[in-house]
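Enquirer: Need a 3D model of the following:
(4 chains)
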Protein chains: 2
Amino acid sequence: MTKESKIPNPTIERLAFYSRPLEALLKGGPPVISSEKLAGLCGVNPAQVRKDLAYFGEFGVRGVGYEIRDLLKEIKGILATDREWALCIVGMGNLGISLVENENFKKRGYLFVATFDSDARKIGRQLPCGLTIEPERKIGELVRELGIEIGVITTPSRAAQRVTEILSDAGVKAILNFAPIQVRTPESCIVENVDFSVKLENLVYHLERLYKGKRSA
Amino acid sequence: MTKESKIPNPTIERLAFYSRPLEALLKGGPPVISSEKLAGLCGVNPAQVRKDLAYFGEFGVRGVGYEIRDLLKEIKGILATDREWALCIVGMGNLGISLVENENFKKRGYLFVATFDSDARKIGRQLPCGLTIEPERKIGELVRELGIEIGVITTPSRAAQRVTEILSDAGVKAILNFAPIQVRTPESCIVENVDFSVKLENLVYHLERLYKGKRSA
DNA sequence: TCATGTGAAAGGCTTCACAGCT
DNA sequence: AGCTGTGAAGCCTTTCACATGA
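Expert: The predicted structure follows:
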């Protein structure tokens, strides 16, 4: 690619962010968009949009803007969302089920191909999406067999570390962890955490400040 | 409070983060913890921990560390999680249900007191937690009646903007949005977004780079 | 003329290193 | 002696402002 020396992490997050309105804009409207307009839709600075994109190449036309279809293709190529990824999920409570059944993932190429739980009462149950809940001891076997690269953890906190180890031993290279705990992984395995409560705590902190009449950003 | 001139946003997120292991440590073990140990548990730099806490006061004892019980109390006071918050949720699909039924929220004082949906087939259904799904037109009435300060959006993207407006008109002051779309709100209403796919896109970007043997942080 | 691409400046956050207490 | 609290340095990210090119 172009120069790609060192890409800021926030840039990667924003690329994913940019792709959302671009997808919507594909379905009608002008075929070209300016950095200013895209920035407006995403709530960021126009220069930010240009700089983010410029890390990876020159996708725009000066005086005109960015061709939406091309831009989206480039972004998907950069993020590697132009291919399908096989995922498994461990912990089939309400949250696990809601993720597996979520159509947004499938649309974006994230395919759940196996589901696991440790609860004997859940094992063997068939889900609406067609998958059957497997026992945790089958993780190693199925990860290898199905070429699963990403594991999703939706277990209670106390099980998260154990499951992380099982997954990384099985060869999973990336983990999306919904348990509100910091899991340790070997170098070979990347983790992203999703913690809803942290977001709520952010909100209530700022709410409280507003109530007290303090100015904050 | 102390000086509190301008608190970095990441500091607030980390405070929530710190509270997780502290809660676990309350149940046994030594009553005091050093910034180094807490930092280790959270995967951050010890100086970061000290600086974060020092924005709000002097909670530690030099040469000793931080009293766990006191520190947790202070953090909860700062984040305003030492009181209960009334929430409502709009969009009772699988994700909505999993949030309402999630015990973690209740434990932290986030109480769902009303649930809404626009689908006539769902309205009137009683949930395991005891709440009944109400029609969206009742949002205004119930928000006022129950003193709801925070709204959670788990609708499809296309409904998210409309619901945001209904909620903010009703007087909700903060919104936690799970729809993968940027919603616009009046100044009086704060938003936090949770987008699972963005996290996955981050993971696959880094995975792809690893496969290609490129070094990245 | 218009909007991109990009050095340079500004701003914000993290880490260092050590003074200050216990 | 040990660990906190904190100015200062360093690093990273964002924003500005304008040269560049359609």
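
Enquirer: so what's the residue nearest to A:Gly93 when sequence neighbours are not counted up against?
Expert: Take A:Gly93 and drop its neighbours on the chain: the residue closest to it by CB to CB, 6 or more residues apart in numbering or on different chains is A:Thr154, 6.4 Å away. For every residue, glycine as well, the C-beta is placed using N, CA and C. Counting by CB atoms under 8 Å, 6 or more residues apart in numbering or on different chains, A:Thr154 touches A:89-93, A:95-96, A:99, A:178-179.

Enquirer: ok, these vs chain B, which is closest?
Expert: Chain B has its nearest neighbour among the contacts of A:Thr154 in A:Leu95, at 4.3 Å by CB to the nearest CB.

Enquirer: which stretch of helix or strand covers the closest one?
Expert: helix A:94-100 (DSSP states H and E).

Enquirer: do the same with A:Glu192
Expert: strand A:190-193.

Enquirer: Walk me through which strands that strand pairs with, and which way each runs.
Expert: Strand partners for strand A:190-193, identified by DSSP bridges, are recorded as strand A:174-177 (parallel).

Enquirer: how much distance is there from stretch A:119-130 to the middle of the chain?
Expert: The chain centre lies 25 Å from the centre of stretch A:119-130; the measure is CA atoms, centre = their mean, to the nearest Å.

Enquirer: any idea of the mean pLDDT for it?
Expert: For stretch A:119-130, the mean pLDDT works out to 98.

Enquirer: Please identify the buried residues of that stretch?
Expert: Applying a neighbour-count criterion of 16 or more other CB atoms under 10 Å in any protein chain shown, one finds A:122-123 buried in stretch A:119-130.

Enquirer: and if you look at stretch A:24-42?
Expert: A:25, A:32-33, A:35, A:37-39, A:41-42.

Enquirer: Go back to those and keep what's next to DNA strand C.
Expert: The subset of these within reach of DNA strand C, counting by CB under 7 Å from any atom of the strand, consists of A:Ser35.

Enquirer: Nearest to DNA strand C among the buried residues of stretch A:24-42?
Expert: Closest approach to DNA strand C among those (CB to the nearest atom of the strand): A:Ser35, at 3.5 Å.

Enquirer: what's near enough to touch the closest one?
Expert: Contacts of A:Ser35 were listed using CB under 8 Å, 6+ apart, and they are A:46-47, A:49-50, A:53, A:60, A:65-66.

Enquirer: In a helix, A:Gln182, correct?
Expert: No: counting by DSSP: H, G, I helix; E, B strand; the rest coil, A:Gln182 is not part of a helix but coil.

Enquirer: Retrieve the pLDDT associated with it.
Expert: Note on A:Gln182: pLDDT of 93.

Enquirer: Could you do A:Ile175 as well?
Expert: 98.

Enquirer: How about it: which residues does it bridge to?
Expert: With DSSP bridges as the criterion, A:Ile175 is bridged to A:Gly151, A:Val191.

Enquirer: Leaving out sequence neighbours, find the closest residue to A:Lys138.
Expert: Going by CB to CB, 6+ apart, A:Lys138 has A:Phe116 as its nearest residue, at 7.0 Å.

Enquirer: what does A:Tyr55 give?
Expert: Spatial nearest neighbour of A:Tyr55, excluding adjacent residues (CB to CB, 6+ apart): A:Ile7 at 5.4 Å.

Enquirer: do A:Ser118 as well
Expert: Counting by CB to CB, 6+ apart, A:Glu136 is the residue found nearest to A:Ser118 once chain neighbours are left out, at 4.9 Å.

Enquirer: does the one you found really touch A:Phe116, like I thought?
Expert: Yes: taking CB atoms under 8 Å as the definition, A:Glu136 is a contact partner of A:Phe116 at 5.1 Å.

Enquirer: Comparing the two, which residue is more hemmed in?
Expert: Set A:Glu136 next to A:Phe116 and count neighbours by other CB atoms under 10 Å in any protein chain shown: A:Phe116 wins out with 26 against 19.

Enquirer: would you say the more buried one is within a helix?
Expert: No: with three-state DSSP as the criterion, A:Phe116 is strand rather than part of a helix.

Enquirer: any idea how far B:Gln161 is from it?
Expert: According to CB to CB, to the nearest Å, A:Phe116 stands 37 Å off from B:Gln161.

Enquirer: Setting aside sequence neighbours, what's the nearest residue to the spatially most central residue of chain A?
Expert: Geometric centre of chain A, nearest residue: A:Leu176, 7.8 Å, by CA atoms, centre = their mean. Among residues not flanking A:Leu176 along the chain, A:Val152 sits closest, at 4.7 Å (CB to CB, 6+ apart).

Enquirer: again with A:Glu84
Expert: A:Gly109 (4.5 Å).

Enquirer: Quick check, the one you found in contact with A:Thr81.
Expert: Yes: counting by CB under 8 Å, A:Thr81 is a contact partner of A:Gly109 at 5.9 Å.

Enquirer: just to revisit the earlier point, sec struct for the residue nearest to A:Tyr55, please.
Expert: From three-state DSSP, the assignment for A:Ile7 is coil.

Enquirer: count of residues packed around it?
Expert: Using other CB under 10 Å, the number of residues around A:Ile7 comes to 18.

Enquirer: I'd like to know how far it sits from B:Lys212.
Expert: 14 Å.

Enquirer: Kindly report the same for A:Arg62.
Expert: With CB to CB as the criterion, A:Arg62 and B:Lys212 are 31 Å apart.

Enquirer: out of these two, which sits in the busier spot?
Expert: B:Lys212 (9 against 6).

Enquirer: how far away is the more buried one from B:Pro135?
Expert: Separation of B:Lys212 from B:Pro135 (CB to CB): 52 Å.

Enquirer: Quick check: residues of chain A near DNA strand D?
Expert: Residues of chain A lying near DNA strand D (CB under 7 Å from any atom of the strand): A:6, A:8-11, A:44-45, A:47-48, A:50-51, A:61-64.

Enquirer: Break chain A down into its domains, please.
Expert: A:9-79, A:85-198 (automatic domain parsing).

Enquirer: related to what we said a few turns ago, now render the contacts of A:Thr154 as a markdown table, adding neighbour count and pLDDT.
Expert: Conversion of the contacts of A:Thr154 to a markdown table gives the following (neighbours: other CB atoms under 10 Å in any protein chain shown; pLDDT from 0 to 100):
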| residue | neighbour count | pLDDT |
| --- | --- | --- |
| A:Ile89 | 26 | 98 |
| A:Val90 | 26 | 98 |
| A:Gly91 | 25 | 98 |
| A:Met92 | 24 | 98 |
| A:Gly93 | 16 | 97 |
| A:Leu95 | 23 | 97 |
| A:Gly96 | 26 | 98 |
| A:Leu99 | 25 | 98 |
| A:Phe178 | 21 | 97 |
| A:Ala179 | 24 | 96 |
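
Enquirer: Brilliant, that's me finished.
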